[in-house]
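**Student:** give me a 3D structure for the following:
(one chain, ligands or ions: 1)
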Amino acid sequence: MPNQPNRAMPPDRAGRVLAQVEAAREEIVAFTAELIRVPTVNPPGEAYRDCAELIGRRLRAAGLDVQYVEAEGLPEHTAEHPRVNVVGRGGGTGVRKRIHLNGHFDVVPPGQGWTVDPFGGAVRDGRIYGRGASDMKSGIAAAIFAVESIRRAGVDLEGAVDISGTVDEESGGFAGVAHLCRTGLISARNTDYAIIPEPFGPDRVCVGHRGVYWFDVVARGRTAHGSMPHLGRSAIDDMGVVLEAFRTGLAPALASRCSALPVVPEASRRPSLNVNAVVGGQADEVVQSPCVADRCTATFDRRFIPEESFDDVKEEVERLVARVEAEDPGRRLTVADRMVVHPVQAPPGSPLVTALSNAVRTIRGRDPALVASPGTYDQKHFARIGGIRHCVAYGPGELSLAHQADESCDVDDLVACTQVLALAVLELAGFGDDPVRG
Ligand SMILES: [Zn+2]
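**Tutor:** Numbering: from 1, shown residues only. From the prediction side, this is the model:
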């Protein structure tokens with residue numbers, strides 16, 4: 001039953017809010033386009049202040065208390081590329097729940113192959129185009145207009161909604177959501193539920209993501225003249241043995257494991273291992289001299305599932321590398337950690353998932369698919385630093401278009417997701433006496 005208000009909530013109020021979203025269709029599209037036109041490319045982190053202020057003005061217009069938060073003390077926060085986040089606080093009586101809607105406004109570089117201006121925000125055949133159209137400037141517009149439509153409908157929430165626009169999600173989120181969590185601006189003390197409108201589309205709620213372990217394996221050899229390699233020891237040859245050992249000794253074990261977490265695509269329910277980079281020998285690509293490579297580094301990207309403990313994941317790697325090293329007395333290998341992100345998952349049966357599911361059923365006429373992400377996003381910081389376990393992703397756009405040329409978002413999906421977010425907020429925050437109908 002599309003566009004019928006949720007049965008659990010007074011239909012007049014929900015109906016008025018949904019009508020306000022529909023009436024704001026052009027404004028939502030225009031604001032998304034405005035966001036796309038600010039080229040917040042990361043790296044290096046361009047135009048963050050402009051975009052934060054654009055969002056801040058909207059948040060203020062939606063009745064929120066706006067604060068700009070710079071990532072003071074972090075090395076990536078520089079005079080040339082300041083890391084500026086924006087947080088809007090809703091009012092509320094404090095009796096009911098506080099909800100935080102968060103979107104990152106950084107985008108990856110446009111890359112090649114565009115047939116439209118990546119920073120033009122063109123609208124054509126019911127789709128809006130540009131870098132960030134899916135990931136995730138449409139999501140930020142949806143979050144803001146969900147709250148603005150509740151205000152325009154004259155509904156007073158008992159709880160409150162905070163909205164933030166944050167930086168650097170594409171590079172780990174440390175100056176963005178992690179910074180807001182670390183400074184206590186987002187924490188379990190001031191937030192009961194968090195929704196991140198990442199582009200999972202109108203029919204999917206993302207309840208969590210797999211873990212990440214990035215590590216380097218470094219092989220050290222001995223240099224010699226390239227015409228007499230037997231006088232040295234090639235670190236690249238040693239790395240070749242390491243790579244083969246991972247391929248034959250670890251990959252089959254990973255393929256035999258499977259998570260209960262509903263990761264999509266299905267193949268990503270299994271843990272995985274990717275070699276992100278191999279760097280060895282001489283760095284210069286043009287001029288070469290005949291030398292045996294005395295150093296080679298491979299960077300591995302191991303994705304793990306909640307059923308694997310990080311300690312086991314790390315030990316499995318170290319054991320394998322130690323075995324390869326022991327096979328040859330001259331071989332010297334070390335393992336160095338780069339980054340660890342633990343898997344996260346909203347608690348099963350979370351009221352947040354229930355509210356979003358009810359809203360999807362109302363607007364889309366079907367149950368949402370509950371999915372999990374093969375990669376990570378800012379949910380990790382909400383959960384791990386902020387201590388907010390009730391956090392999910394739900395928003396417009398298509399993951400398959402994220403980071404691609406001609407990235408776009410369907411306008412109907414954008415409006416539908418805005419309606420779903422509005423209904424979910426109504427259910428979670430609750431509402432006072434109806435000033436319109438009494
Ligand atoms: Zn994103």
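**Student:** got the CA positions of stretch 195-211 in CSV?
**Tutor:** Output of stretch 195-211 as CSV, limited to C-alpha atoms (Å, rounded to 0.1, in the frame of the first residue of the first chain):
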residue,chain,number,x,y,z
ILE,A,195,20.8,6.2,11.0
ILE,A,196,23.4,6.7,8.3
PRO,A,197,21.7,7.3,4.9
GLU,A,198,24.3,5.4,2.9
PRO,A,199,23.1,4.3,-0.6
PHE,A,200,21.5,0.9,0.2
GLY,A,201,18.4,1.9,-1.7
PRO,A,202,14.8,2.3,-0.5
ASP,A,203,14.2,-1.4,0.1
ARG,A,204,17.2,-2.4,2.2
VAL,A,205,18.3,-1.7,5.8
CYS,A,206,22.0,-2.4,6.4
VAL,A,207,22.5,-3.7,9.9
GLY,A,208,26.3,-3.9,10.0
HIS,A,209,29.5,-4.7,8.3
ARG,A,210,32.4,-7.1,8.2
GLY,A,211,35.8,-6.4,9.9
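**Student:** pull the distance from that stretch to the chain's centre.
**Tutor:** Mean C-alpha position of stretch 195-211 versus that of the full chain (C-alpha atoms, centre = their mean, to the nearest Å) differs by 9 Å.
**Student:** now do the lengthiest helix in the chain: which elements does it pack against?
**Tutor:** Looking across the chain with DSSP state H, the single longest helix is helix 411-429. Packing contacts for helix 411-429, counted by 3 or more C-beta pairs under 8 Å, 6 or more residues apart in numbering; DSSP states H and E, involve helix 11-23, helix 25-36, strand 98-104, strand 127-129, helix 138-152, strand 160-166, strand 193-196, helix 351-364. C-beta here means a position set from N, CA and C on the backbone, and glycine is covered the same way.
**Student:** in CSV: those, plus mean neighbour count and distance to residue 220.
**Tutor:** Below are those laid out as CSV (neighbours: other C-beta atoms under 10 Å; distance: least, C-beta to C-beta, whole Å):
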stretch, mean neighbour count, distance to residue 220
helix 11-23, 19, 61
helix 25-36, 20, 47
strand 98-104, 28, 39
strand 127-129, 22, 49
helix 138-152, 28, 46
strand 160-166, 28, 40
strand 193-196, 28, 42
helix 351-364, 22, 50
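**Student:** and the ion, which of those is closest to it?
**Tutor:** strand 98-104 (5.7 Å; C-beta to the ion).
**Student:** and that closest one with strand 160-166, angle?
**Tutor:** 20 degrees (axes from the mean of the first three to the mean of the last three C-alpha atoms, to 10 degrees).
**Student:** now do strand 98-104 against helix 351-364, angle only.
**Tutor:** Using the same axes, to 10 degrees: strand 98-104 against helix 351-364 is 70 degrees.
**Student:** so who does the closest residue to the ion within the chain touch?
**Tutor:** As assessed by C-beta to the ion, the ion sits closest to residue 135 within the chain, at 4.1 Å. Shown in contact with residue 135 (C-beta atoms under 8 Å, 6 or more residues apart in numbering): 107, 108, 198, 199, 397, 399, 401, 402, 403, 407.
**Student:** in JSON lines, list those along with distance to residue 284.
**Tutor:** What follows is the contacts of residue 135, written out as JSON lines (distance: C-beta to C-beta, whole Å):
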{"residue": "107", "distance to residue 284": "33"}
{"residue": "108", "distance to residue 284": "28"}
{"residue": "198", "distance to residue 284": "40"}
{"residue": "199", "distance to residue 284": "40"}
{"residue": "397", "distance to residue 284": "42"}
{"residue": "399", "distance to residue 284": "38"}
{"residue": "401", "distance to residue 284": "38"}
{"residue": "402", "distance to residue 284": "35"}
{"residue": "403", "distance to residue 284": "30"}
{"residue": "407", "distance to residue 284": "36"}
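**Student:** so the closest residue to residue 374 other than its chain neighbours, which state does it fall into?
**Tutor:** Spatial nearest neighbour of residue 374, excluding adjacent residues (C-beta to C-beta, 6 or more residues apart in numbering): residue 268 at 3.6 Å. For residue 268, the assignment made with DSSP: H, G, I helix; E, B strand; the rest coil gives helix.
**Student:** how many neighbours does residue 268 have?
**Tutor:** 18 (other C-beta atoms under 10 Å).
**Student:** check residue 51 too.
**Tutor:** So residue 51, with other C-beta under 10 Å, has 26 neighbours.
**Student:** what about stretch 89-105 and the ion, touching?
**Tutor:** No. Stretch 89-105 is not in contact with the ion by C-beta under 5 Å from the ion; minimum separation 5.7 Å.
**Student:** may I ask which helix or strand encompasses residue 66?
**Tutor:** strand 65-70 (DSSP states H and E).
**Student:** helices or strands up against that strand?
**Tutor:** Counting by 3+ C-beta pairs under 8 Å, 6+ apart, strand 65-70 packs on helix 48-61, strand 84-89.
**Student:** tilt between the longest helix of the chain and helix 11-23?
**Tutor:** 150 degrees.
**Student:** quick one: contacts for residue 128?
**Tutor:** So residue 128 contacts 29, 32, 33, 36, 121, 122, 138, 408, 409, 411, 414 (C-beta under 8 Å, 6+ apart).
**Student:** quick one: these as CSV, columns for distance to residue 180 and pLDDT too.
**Tutor:** Formatted as CSV, the contacts of residue 128 follow (distance: C-beta to C-beta, whole Å; pLDDT from 0 to 100):
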residue, distance to residue 180, pLDDT
29, 28, 98
32, 23, 98
33, 27, 98
36, 24, 98
121, 27, 98
122, 32, 98
138, 22, 98
408, 29, 98
409, 25, 98
411, 30, 98
414, 25, 98
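**Student:** for these, which one is nearest residue 230?
**Tutor:** residue 408 (57.5 Å; C-beta to C-beta).
**Student:** so that closest one touches residue 127, yeah?
**Tutor:** Yes. The criterion here is C-beta atoms under 8 Å, and residue 408 meets it with residue 127 at 4.4 Å.
**Student:** what residues are shared contacts of those two?
**Tutor:** residue 133.
**Student:** still on that earlier bit, for residue 61, find the nearest of the helices and strands packed on helix 411-429.
**Tutor:** Among the helices and strands packed on helix 411-429, helix 138-152 sits nearest to residue 61 (C-beta to C-beta), with 7.4 Å.
**Student:** packing partners for that closest one?
**Tutor:** helix 11-23, helix 25-36, helix 48-61, strand 98-104, strand 160-166, helix 411-429.
**Student:** contacts for the third one?
**Tutor:** To tie it back to what came earlier, the one meant is helix 48-61. Under C-beta under 8 Å, 6+ apart, the answer for helix 48-61 is 31, 34-35, 38, 40, 66, 68, 81-86, 88, 105-106, 140, 144, 148, 163, 165, 167.
**Student:** just the endpoints, please. Distance across stretch 245-257?
**Tutor:** 19 Å (C-alpha to C-alpha, to the nearest Å).
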